[in-house]
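> Sequence plus predicted model, see below.
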Amino acid sequence: MTDGTKRRIAVSTIAEAEFYADNGFDDIIFASPIVKERISKYVVVVVVVVVVIVIVVVFCLAVLQMVVRHVSYYLPHYLS
């Protein structure tokens, strides 16, 4: 189904999505109708994904800020 890769998998339950995500898949399509009985589970998944994205962005910005500080401090010393 995935030609030996860990990409492009379609699942129909949140449990399947969590299983594949925990086992290295990073391209998961949730192919199931949205029903009101499952809305709370969907919200939890969306919140977790958003929190992870925010953490990654904040980390990247912190690293970028450190790099800019380092370059702006040391670059004049290298050029002189």
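Happy to help now that I have it. Numbering: from 1, shown residues only.
> by contact count, what packs against the strand or helix carrying F19?
F19 belongs to helix 14-22 when assigned by DSSP states H and E. Packed against helix 14-22, as judged by 3 or more C-beta pairs under 8 Å, 6 or more residues apart in numbering; DSSP states H and E, are the following elements: strand 9-11, strand 28-30, helix 39-79. Backbone N, C-alpha and C define where each C-beta goes, glycine included.
> can I see the domain layout of this protein?
1-32, 41-80 (automatic domain parsing).
> So which of the helices and strands packed on helix 14-22 is the most surrounded?
Comparing the helices and strands packed on helix 14-22 by mean neighbour count (mean count of other C-beta atoms under 10 Å), strand 9-11 ranks first with a mean of 17.
> helices or strands up against it?
Under the contact rule (3+ C-beta pairs under 8 Å, 6+ apart), strand 9-11 is packed against helix 14-22, strand 28-30.
> Output the below-cut-off pLDDT ranges for the chain.
Within the chain, the segments meeting pLDDT under 70 span 1-3, 80.
> repeat that with 90
1-9, 12-14, 17-18, 26-27, 30-46, 70-80 (pLDDT under 90).
> Cool, thanks, signing off.
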